[in-house]
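Q: Curious how this folds, go ahead:
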Amino acid sequence: MKLTVNGKGLTLHFLTVVGSTLHNLNGLNSDRDVKGVFTWDQDVVNGLATPAEQLDNKNMRKEDRAELMAQLNEKFNTEFDEDLDLFEGRKFFKNSMKSDPNMLDMLFANTVPDMVLFCSDKFAKVLEKRDLFVNLELAKKRFLGMSFNTLKLGSKQNAGKNKFKDLAKSLQSLFSFMNMVESGEFSPRLKESQRQEVLAVKNNTFFKEHMDLANLVKTMRDGLEEDCEALELPTQQGDNFEELNELLLTLS
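A: From the prediction side, this is the model:
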């Protein structure tokens, strides 16, 4: 799918719903987060200016953002909000090779019905080989790190409006990693009992004050982290760099 941004051509390869909707943790007022993958046209790559690795509402001029959104709205006959983020192919591959939780969500989004909005034939071949990106040793660091950081964010005395969401994300990250090790594959969605536990924190159905809930989540998380540390990780496959590099080049 061809698009332009400020006169620069790009090809959109993939677009999918992520975030709470993908995880089945969304509420009535939840935003619909959408992420995608693109590559710049060759003349843009070969130019003197370094092309952007990410197109989102933080690093684009307002007029460029409006131009991009207008094209997407027309092509998909829908209104995309500000929670739309596109990754250039090389950045997407590099982050995915680190087993980044957000990238794994994108790679496995098509395991959940109606989440993928667009997928080119070329990117379908990437999804067919998505297991090449999964490294459980790296995933352990990423998921446990995300769990630690979101707990820290949600536990601040002056935490913002997303404090309960951050606390819930701390537990969700650990559950996701545990499930990945136990089942041998990644799934964006939790088991139902885990989902209910995460929702109870996110919606504070415990009816606790913020810091009391934060302390409760820390206790819950500490136990889950011990369980994660005790997991015996399967033997990792060899280096997949060359195969993934060839796969990236097919998107050009």
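Q: Who are the contact partners of E243?
A: 129, 132 (C-beta atoms under 8 Å, 6 or more residues apart in numbering). C-beta here means a position set from N, CA and C on the backbone, and glycine is covered the same way.
Q: Please apply the same query to F123.
A: Taking C-beta under 8 Å, 6+ apart as the definition, contacts of F123 comprise 13-14, 37, 251.
Q: Kindly report the same for E67.
A: 4-6.
Q: in the chain, which helix or strand is least confident?
A: helix 42-45 (a mean of 90; mean pLDDT, DSSP states H and E).
Q: Check which residues of that one are buried.
A: V44 (16 or more other C-beta atoms under 10 Å).
Q: helices or strands up against it?
A: When contacts are defined as 3 or more C-beta pairs under 8 Å, 6 or more residues apart in numbering; DSSP states H and E, helix 42-45 packs onto strand 8-17.
Q: and the closest residue to F76 other than its chain neighbours, backbone torsions?
A: Among residues not flanking F76 along the chain, L117 sits closest, at 6.4 Å (C-beta to C-beta, 6 or more residues apart in numbering). The phi/psi pair for L117 (degrees, to the nearest 10) reads phi -90, psi -30.
Q: Pull the contacting residues for L117.
A: Neighbouring residues of L117 by C-beta under 8 Å, 6+ apart: 15-17, 34, 76.
Q: Please repeat the previous calculation with a cut-off of 7 Å.
A: 15-17, 76 (C-beta atoms under 7 Å, 6 or more residues apart in numbering).
Q: Now list the buried members of those residues.
A: 15-17.
Q: Could you check how far the residue nearest to F76 is from K98?
A: Separation of L117 from K98 (C-beta to C-beta, to the nearest Å): 25 Å.
Q: Ok, F175 next?
A: Taking C-beta to C-beta, one finds F175 at 20 Å from K98.
Q: and these two? which has more neighbours close in?
A: Using other C-beta atoms under 10 Å as the criterion, F175 and K98 rank with F175 on top: 21 against 14.
Q: How about the contacts made by the more buried one?
A: Taking C-beta under 7 Å, 6+ apart, one finds 190, 194 in contact with F175.
Q: Let me know the helix or strand that it is in.
A: Using DSSP states H and E, F175 sits within helix 163-183.
Q: So what's the gap between that helix and the chain middle?
A: Relative to the chain's own centre, helix 163-183 is displaced by 13 Å; criterion: C-alpha atoms, centre = their mean, to the nearest Å.
Q: Likewise for stretch 189-207?
A: 20 Å.
Q: Can you give me the buried ones in that stretch?
A: Result for stretch 189-207 [16+ other C-beta under 10 Å]: buried residues 189-190, 194-195, 197-199, 201-202.
Q: For my notes, confirm L3 occurs in a strand.
A: Yes - assessed with DSSP: H, G, I helix; E, B strand; the rest coil, L3 lies in a strand.
Q: count of residues packed around it?
A: Neighbours of L3 (other C-beta under 10 Å): 17.
Q: any chance of the buried ones among the contacts of L117 in TSV, plus pLDDT and distance to H23?
A: Below are these laid out as TSV (pLDDT from 0 to 100; distance: C-beta to C-beta, whole Å):
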residue	pLDDT	distance to H23
L15	97	18
T16	97	13
V17	95	10
